[in-house]
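S.K.: Sequence first, then the predicted structure, then my questions.
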Amino acid sequence: MKINRNNYEVYFLDYHEGNLKGMETEELFAFLDANPDLADEFNSFELITLNESAMEGFPMKDSLKKNTISATNCQDYLIAFVEGDLNEREIKEVNYFLKTNPYFQRELDMLKKTKLVPDKSIQYFGKSSLKKKEKRIIPMLYRYLSVAASVLIIIGVYFYSNKFKKDEHTNLYSHYTTVPITKDTTPNKVVEMPVATAVKGTLKNTAQPLIHNKIPINPVIQKPVIANDNSSMIVYSPYLEKIENIPLAINNFIHDEVPDMKLTPRDCRDIKIEKAYVSSQEASDEIEDNPIIKPAQYLKKLSRKEIEKLAVENDALTILIDDKKKGSRKFWDIASIEIGKLSGDRITFYPSYDKNDKMTSYHIAAGPVSISK
Amino acid sequence: MTTAEFNECVDLYSDNLYRFILKNMRDKEDARDVVQDSFEKMWKVVDTIAADKAKSYLFTTGYHTMIDKIRRDKKKGDFNEVNFNSLQHSEQYSDLHEVLNEALNRLPEIQRTVVLLRDYEGYSYEEIGQITGLNEAQVKVYIYRARVTLREYIGSMDNVI
């Protein structure tokens, strides 16, 4: 590099610092001769050096230093070691310290002994009392059940509270069953008797009520009764709007004394038959062979809409009623089924109608007891 | 948290909480009451607590219930001071476990609490701080002091055992 007016400062500085060689020095002075205006600047250029001793040191140097483990502070390090608070570098330092100062190994062992270990034999007895039962979701069906049960109780209380009062003023306590029997018996005759005691051609007037609780308005709820002889009997009542499980005997089907004229649609409308029986194989054969009137014809008159199936199987004439055809299931249907499941007894709820098809009352029956209102 | 998860918490944590409270209160009936109260309190807010936070909630509730009960029963001594004179002893101990138990009983309650949470449950300083309402540095200091006290006690017993 050749000295010129753009870089002469570098040469000036190097000259004063003694960094110029002989040739370069000569070149510098030749440049000064050629440029006398720079002579003052060259002469004023002096090397300024800082006096190191005049500078103060960092006053808090010690505070920047990190502690190292020593005999005076080793307990803190050892506790931190036991607690697992040290990093990898610090652990190495502690290990080195212990290696060089084996006396403190005992201190570390003692600190390790201060770690508490839970006594597993101490247990909380009575955990079950702390536990909670699962929250149950009550289905709608059970809500219906609750309502039904409540209504049943209210009706029951109401009925029993009024029962004896009514007993004093009315004579409608017996259970009327109209039993048209053989030729010389006037149809629709009202007799008081248990169905099962009827005998062909005669009538044992036992005057024993079918249901013993003396209910004023009485839907008759009977369990199926199988006639065990040739008794000619149809349980039928114009006063009763529902009769269940009517026992049927052979003569009802094969003789013209069947009270056909009594079985008007209105009367039949509410008759409900779940199962009917004939008494013997002979009777069954007779039913099949007799051209005058067939069981199906007769029974269809009883309930033209509800009978789904008629069949003679073995000795029994089976009549199946299709409840589903009556329409959608109602509240009482669901309630009666579910309460029946819970109670173990069949509980039925059903309405009564007047001649104009207007519902007049509800009946509730369970086993031998029925309640009407 | 579901009912099933709550019941699982009973199985998982009731023993731990009972031990922690019993070690602090040293009265079985009181400890049982505190555990029962703690679970009842958790049941009241069971719908708002996540299952993974249940243990922390239980110990926090248990700790505060215990403190309330101690204060109510006026059983609480000086909470922060350790009576070093009480470390002098003349009892006979058969093993380290008994010595430690005795030393633990002599710790100030706050030191005992934090060291129990640390050793029994393995909680971090931060978690212990959340349970006890202390900051992390305070927890650390109390644990260090407790270690020194326990070490001095078992050290002084070293020749006795």
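M.R.: Arrived safely, thanks for sending. From a predicted model like this one, the values you see are computed outputs, not experimental measurements.

S.K.: which SSE is B:Ala146 in?
M.R.: Following DSSP states H and E, one finds B:Ala146 within helix B:136-157.

S.K.: Residues contacting that helix, please?
M.R.: Around helix B:136-157, the neighbours that count as contacts under CB atoms under 8 Å, 6 or more residues apart in numbering or on different chains are A:75-76, A:79, A:82-83, A:85, A:107, A:110-111, A:113-114, B:82, B:87, B:89, B:93, B:96, B:99-100, B:102-104, B:106-107, B:110-112, B:114-115, B:118, B:125-126, B:128-129, B:132, B:134. Using the backbone N, CA and C atoms, a C-beta is placed for each residue, glycine as well.

S.K.: Where does pLDDT dip in chain B?
M.R.: The model of chain B has pLDDT under 70 over residues B:74-94, B:157-161.

S.K.: Next, count neighbours for A:Asn95.
M.R.: 12 (other CB atoms under 10 Å in any protein chain shown).

S.K.: and whichever strand or helix holds it, is it in reach of chain B?
M.R.: Following DSSP H and E, the helix or strand that holds A:Asn95 is helix A:88-100. No - contact between helix A:88-100 and chain B, assessed by CB under 8 Å from any CB of the partner chain, is absent, since the two come no nearer than 15.2 Å.

S.K.: show me where pLDDT drops low in the stretch 151-300 of chain A?
M.R.: Within the stretch 151-300 of chain A, the stretches with pLDDT under 70 are A:160-300.

S.K.: Swap in 80 and give it another go.
M.R.: Screening the stretch 151-300 of chain A residue by residue with the criterion pLDDT under 80, one finds the ranges A:154-300.

S.K.: from it, which residue is nearest to chain B?
M.R.: With distances taken as CB to the nearest CB, the stretch 151-300 of chain A approaches chain B most closely at A:Ile153, which sits 32.0 Å away.

S.K.: what secondary structure does that residue sit in?
M.R.: At A:Ile153, secondary structure determined by DSSP: H, G, I helix; E, B strand; the rest coil is helix.

S.K.: since we're on it, how many residues are nearby?
M.R.: Residues contacting A:Ile153 under the criterion other CB under 10 Å number 10.

S.K.: What of A:Asn87?
M.R.: Neighbouring residues of A:Asn87 were enumerated by other CB under 10 Å; the total is 9.

S.K.: cool, and B:Arg147?
M.R.: Number of residues near B:Arg147 (other CB under 10 Å) recorded here: 23.

S.K.: Just the buried ones among the contacts of helix B:136-157, please.
M.R.: Buried residues within the contacts of helix B:136-157, counting neighbours by 16 or more other CB atoms under 10 Å in any protein chain shown: A:75, A:79, A:82-83, A:107, A:110-111, A:113-114, B:82, B:87, B:93, B:96, B:99-100, B:102-104, B:106-107, B:110-112, B:114-115, B:118, B:125, B:128-129, B:132, B:134.

S.K.: measure the residue of the stretch 151-300 of chain A closest to chain B to A:Ser372 for me?
M.R.: Remark: distance between A:Ile153 and A:Ser372 (CB to CB, to the nearest Å) = 16 Å.

S.K.: And A:Asn101, by the same measure?
M.R.: A:Asn101 is 103 Å from A:Ser372, by CB to CB.

S.K.: More neighbours: those two, which one.
M.R.: A count of neighbours by other CB under 10 Å puts A:Ser372 above the other of A:Asn101 and A:Ser372, at 17 against 14.

S.K.: now A:Lys132, what's its secondary structure?
M.R.: Reduced to three states with three-state DSSP, the structure at A:Lys132 is coil.

S.K.: neighbours around it, how many?
M.R.: Residues contacting A:Lys132 under the criterion other CB under 10 Å number 14.

S.K.: do A:Cys74 as well
M.R.: A total of 19 residues lie near A:Cys74 under the criterion other CB under 10 Å.

S.K.: Tell me who's in contact with it.
M.R.: When the contact criterion is CB under 8 Å, 6+ apart, the partners of A:Cys74 are A:97, A:101, A:104, A:107.

S.K.: and residue 129, what element?
M.R.: I went with chain A, as the question did not name one. Using DSSP H and E, A:Ser129 sits within helix A:127-130.

S.K.: wait, chain B
M.R.: B:Gly129 belongs to helix B:125-132 when elements are defined using DSSP H and E.

S.K.: Can you tell me what sits against that helix?
M.R.: Helix B:125-132 is contacted by residues B:56, B:59-60, B:63, B:110, B:113-114, B:117-118, B:123, B:134-136, B:138-140, B:143 when judged by CB under 8 Å, 6+ apart.

S.K.: let's go with 6 Å and repeat that
M.R.: Helix B:125-132 is touched from outside by B:59-60, B:63, B:114, B:117, B:135-136, B:139-140, with contacts defined as CB atoms under 6 Å, 6 or more residues apart in numbering or on different chains.

S.K.: I would like a ChimeraX command selecting only the buried ones among the residues you listed, please.
M.R.: Here the buried members of the contacts of helix B:125-132 are turned into a ChimeraX selection, burial being counted by 16+ other CB under 10 Å:
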select /B:59,60,63,114,117,139,140
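
S.K.: would you turn the contacts of helix B:125-132 into a markdown table with distance to B:Asp47?
M.R.: As requested, these are arranged in a markdown table below (distance: CB to CB, whole Å):
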| residue | distance to B:Asp47 |
| --- | --- |
| B:Phe59 | 20 |
| B:Thr60 | 18 |
| B:Tyr63 | 23 |
| B:Val114 | 31 |
| B:Leu117 | 27 |
| B:Asn135 | 31 |
| B:Glu136 | 31 |
| B:Val139 | 31 |
| B:Lys140 | 36 |
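
S.K.: of the contacts of helix B:125-132, closest to A:Asp354?
M.R.: Checking these against A:Asp354 by CB to CB gives B:Thr60 as the nearest, at 72.0 Å.

S.K.: Look up how far B:Lys44 lies from the closest residue to that closest one other than its chain neighbours.
M.R.: Setting aside the residues directly before and after it, B:Thr60 is nearest to B:Ile131 in space (CB to CB, 6 or more residues apart in numbering or on different chains), at 4.7 Å. Distance of B:Ile131 to B:Lys44, given as CB to CB: 19 Å.

S.K.: So for these two, which sits in the more crowded spot?
M.R.: When neighbours are counted by other CB under 10 Å, B:Ile131 and B:Lys44 differ, and B:Ile131 comes out ahead with 24 against 9.

S.K.: could you give the angle of the helix or strand where B:Tyr57 lies to helix B:125-132?
M.R.: Using DSSP H and E, B:Tyr57 sits in helix B:54-73. Between the axes of helix B:54-73 and helix B:125-132, defined by axes from the mean of the first three to the mean of the last three CA atoms, to 10 degrees, the angle is 50 degrees.
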